[in-house]
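*Asks:* coords below, sequence missing:
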């Protein structure tokens, strides 16, 4: 049966495993569309425009905001980040789910938008702050200052955990991934995501009438 | 982590497979408590008081209603049916889920009660009315009149499918059972069913403060 596509929002502090979970989910189900964010921050080495981000200058980003082309947007560390609206609406029309790897500000805006009823939101917590710190330091390319900034942002991010539908404590990546799959599979079965059920029940009623 | 027990309501027309699914779910997870209904209808051969139903006379049943001991109740074919409240509240306190095999009237009453936010409701549809009819006729003990009455009740029951959180079309019992498990496992992971998460996040915040 054709489903109504849902918007799966994954948020977490940096280093809690959100991006790994997102990548595994995309590998598991290639019909899921990943929402590529737009940003005004400069590309890091290896980042590809249109794949990791849509890299835009400030003027172009502000025009997108003004013309209602952003589903959500926020300024973080002096750079804009946002989710373009058109690809999400296109995916929904095709009955495909969209995966968002965004922070609490983006999550809050989408939840409060007209698409709020289509949102399934999952917050990923680290098992401990010591472990979060260890994972962040594992990324060789970041300086101590960057890590300190991320830890402050992590605390801010974690303070919004209770706004999410589901919360996973990512102690073991395989367990967390299975939990995420279970959530997605269950949410896809919700009655209001299966518009074809109405036709199916009309068919049952015709059968009753023809008896 | 200690969970808040949920109320899993399974409804379907007679013969759609609801009771088989309920039995398999109880076998799969013995911590689930089955809500044994009370009824004023006489026991059928083999039915045991306190196991299949609590068999009560009309006066006793009405006293239970008057004293607020029923979570829900309804009159069907001249007999009262209802779900005693105390065992459900006891299970919730222990963090155990309760499974209800009840009709739309009971489902509606529990959903609209103070426990409504703890409800997960699943409606099981037959793949066709021809198949429903076949399954009902397979029960040798029922007369044609009983079956005709059940088919009329089935149509009434099916008319309430859209009041449920999830809808399963029970074409294949194994697939339907897996779907039911997925729903239960996901619903158990909802943030508002995991009160221990608050303590966990308080622990993370203490870690931030001690850095």
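*Replies:* Here it is on my side, so go on. Just so you know, these numbers come straight off a predicted model, no measurement behind them. Residues are numbered from 1 along each chain as shown, chains lettered A, B, ... in the order given.
*Asks:* Just want the residue of chain A that's nearest chain B.
*Replies:* Across chain A, no residue is closer to chain B than residue A:186, which sits at 3.3 Å (C-beta to the nearest C-beta). For the C-beta atoms, the positions are set from N, CA and C on the backbone; glycine is no exception.
*Asks:* Could you verify my assumption that that residue touches residue B:183?
*Replies:* Yes. Counting by C-beta atoms under 8 Å, residue A:186 does reach residue B:183; the two are 4.8 Å apart.
*Asks:* and the closest residue in space to the residue of chain A closest to chain B that isn't next to it in sequence, how many neighbours does it have?
*Replies:* Leaving aside its sequence neighbours, residue A:186 sits nearest to residue B:186 (C-beta to C-beta, 6 or more residues apart in numbering or on different chains; 3.3 Å). Residue B:186 has 25 neighbours, counted by other C-beta atoms under 10 Å in any protein chain shown.
*Asks:* What residues does residue B:186 make contact with?
*Replies:* The neighbours of residue B:186, taking C-beta atoms under 8 Å, 6 or more residues apart in numbering or on different chains as the test, are A:166, A:182, A:183, A:185, A:186, A:187.
*Asks:* go on, residue A:119?
*Replies:* Taking C-beta under 8 Å, 6+ apart as the test, what residue A:119 contacts is A:6, A:7, A:9, A:107, A:110, A:111, A:165.
*Asks:* Can you show me the helices along chain A?
*Replies:* Remark: helices assigned in chain A by DSSP state H are A:18-28, A:58-66, A:85-93, A:104-111, A:129-137, A:144-158, A:173-188, A:196-209.
*Asks:* Residue B:131: which of the contacts of residue A:119 is nearest?
*Replies:* residue A:6 (30.2 Å; C-beta to C-beta).
*Asks:* low-confidence ranges in chain A?
*Replies:* A:1, A:139-140 (pLDDT under 70).
*Asks:* Spatially central residue for it, please.
*Replies:* residue A:100 (2.0 Å; C-alpha atoms, centre = their mean).
*Asks:* measure it to residue B:144 for me?
*Replies:* 56 Å (C-beta to C-beta, to the nearest Å).
*Asks:* Residue A:71 now?
*Replies:* Distance from residue A:71 to residue B:144, by C-beta to C-beta: 58 Å.
*Asks:* Which one's more surrounded, the two?
*Replies:* residue A:71 (24 against 8).
*Asks:* OK, contacts around the more buried one?
*Replies:* Contacts of residue A:71 (C-beta under 8 Å, 6+ apart): A:82, A:83, A:84, A:85, A:88, A:109, A:110, A:113, A:115.
*Asks:* Buried subset of the contacts of residue B:186, written for PyMOL?
*Replies:* Listed next is the PyMOL selection for buried residues among these, using 16 or more other C-beta atoms under 10 Å in any protein chain shown:
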select buried, chain A and resi 166+182+183+185+186+187
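*Asks:* give the contact list for the residue lying closest to residue A:130 once chain neighbours are set aside.
*Replies:* Nearest non-adjacent residue to residue A:130, counting by C-beta to C-beta, 6+ apart: residue B:207, 6.7 Å away. Counting by C-beta under 8 Å, 6+ apart, residue B:207 touches A:128, A:129, A:130.
*Asks:* Make TSV out of the residues you listed and add neighbour count.
*Replies:* Output for the contacts of residue B:207, formatted as TSV (neighbours: other C-beta atoms under 10 Å in any protein chain shown):
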residue	neighbour count
A:128	15
A:129	22
A:130	11
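*Asks:* Check these against residue A:51 and report the nearest one.
*Replies:* residue A:129 (31.5 Å).
*Asks:* Would you enumerate the residues in contact with the closest one?
*Replies:* Taking C-beta under 8 Å, 6+ apart, we find residue A:129 in contact with A:151, A:154, B:204, B:207, B:208, B:211.
*Asks:* Try it again at 7 Å.
*Replies:* B:204, B:207, B:208 (C-beta atoms under 7 Å, 6 or more residues apart in numbering or on different chains).
*Asks:* do residue A:188 as well
*Replies:* Applying C-beta under 7 Å, 6+ apart to residue A:188 gives the contacts A:3, A:6.
*Asks:* Number of residues surrounding residue A:125?
*Replies:* Per other C-beta under 10 Å, the neighbour tally for residue A:125 reads 24.
*Asks:* again, but for residue A:68
*Replies:* Neighbours around residue A:68, by other C-beta under 10 Å: 8.
*Asks:* repeat for residue A:67
*Replies:* 9.
*Asks:* residues contacting it?
*Replies:* Counting by C-beta under 7 Å, 6+ apart, residue A:67 has no contacts.
*Asks:* do you know how far it is from residue A:61?
*Replies:* Distance of residue A:67 to residue A:61, given as C-beta to C-beta: 11 Å.
*Asks:* Equivalent analysis for residue A:196, please.
*Replies:* 39 Å.
*Asks:* Would you confirm that residue A:189 contacts residue B:164?
*Replies:* No. The criterion here is C-beta atoms under 7 Å, and residue A:189 misses it with residue B:164 at 11.0 Å.
*Asks:* Can you pick out the residue with more neighbours from those two?
*Replies:* residue B:164 (24 against 19).
*Asks:* wait, that one sits on residue B:120?
*Replies:* No. Assessed by C-beta under 7 Å, residue B:164 is found out of contact with residue B:120, at 9.4 Å.
*Asks:* sorry, back to before: farthest pair within the contacts of residue B:186?
*Replies:* A:166 and A:185, at 12.8 Å, using C-beta to C-beta across those.
*Asks:* How about the residues of chain A by chain B?
*Replies:* A:128-130, A:155, A:158, A:161-162, A:164-167, A:169, A:179, A:182-183, A:185-187, A:189-191, A:194, A:197, A:200-201, A:204, A:207-208 (C-beta under 7 Å from any C-beta of the partner chain).
*Asks:* Grab the nearest non-local neighbour of residue A:120.
*Replies:* residue A:187 is the one closest to residue A:120 (C-beta to C-beta, 6+ apart), at 4.6 Å.
*Asks:* which ones are touching that neighbour?
*Replies:* By C-beta under 7 Å, 6+ apart, the neighbours of residue A:187 are A:6, A:120, B:186.
*Asks:* Of those residues, which is the nearest to residue B:96?
*Replies:* Comparing the contacts of residue A:187 against residue B:96 with C-beta to C-beta places residue B:186 closest, at 17.7 Å.
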